[in-house]
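Engineer: Generate coordinates for the sequence data below:
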Amino acid sequence: MNAYVIDVNVLFSGLISRKPFYERLFGQYQFSTPDFALIELEKYRSVFLKKVKGNPADFEEFALLLFSRLTIIPDFLIRPEFKNQAAILCDPVDPKDSLYVALAMQFS
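Structural biologist: Here you go, the predicted model:
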């Protein structure tokens, strides 16, 4: 099975839209994300929950499906050398992406 690093924005999109695409995607692949993604989810919880339509029970079931296929990697397990390299690469564009890049570098 292939494993991939996923950005929190993809999680936001999947949770809000609940499109079948996300169910298939998360059913086929294993995803990892740095624990920073949970901070972002919590920070914008009220924003994305306002955008969620439909039955709350359906949302909960869908969210649990996505999270059951997601491995949260604590920051302390991401090697400093990859964090440093990723920070250099991401700084000009979006420093918040550096943990995702560092995790992808560590997995490659």
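
Engineer: drop to CA atoms for contacts and neighbour counts, all remaining ones
Structural biologist: Noted.

Engineer: The lengthiest helix in the chain packs against which elements?
Structural biologist: Taking DSSP state H as the criterion, the chain has its longest helix at helix 56-68. Counting contacts by 3 or more CA pairs under 8 Å, 6 or more residues apart in numbering; DSSP states H and E, helix 56-68 is packed against helix 8-17, helix 20-28.

Engineer: Show residues contacting it.
Structural biologist: In this structure, residues lying in contact with helix 56-68 by CA atoms under 8 Å, 6 or more residues apart in numbering are 15, 18, 22-23, 26, 52.

Engineer: List the buried residues for that helix?
Structural biologist: 59, 62-63, 66 (16 or more other CA atoms under 10 Å).

Engineer: Which member of these is positioned nearest F36?
Structural biologist: Relative to F36, the closest of the buried residues of helix 56-68 is L66; by CA to CA it sits at 17.1 Å.
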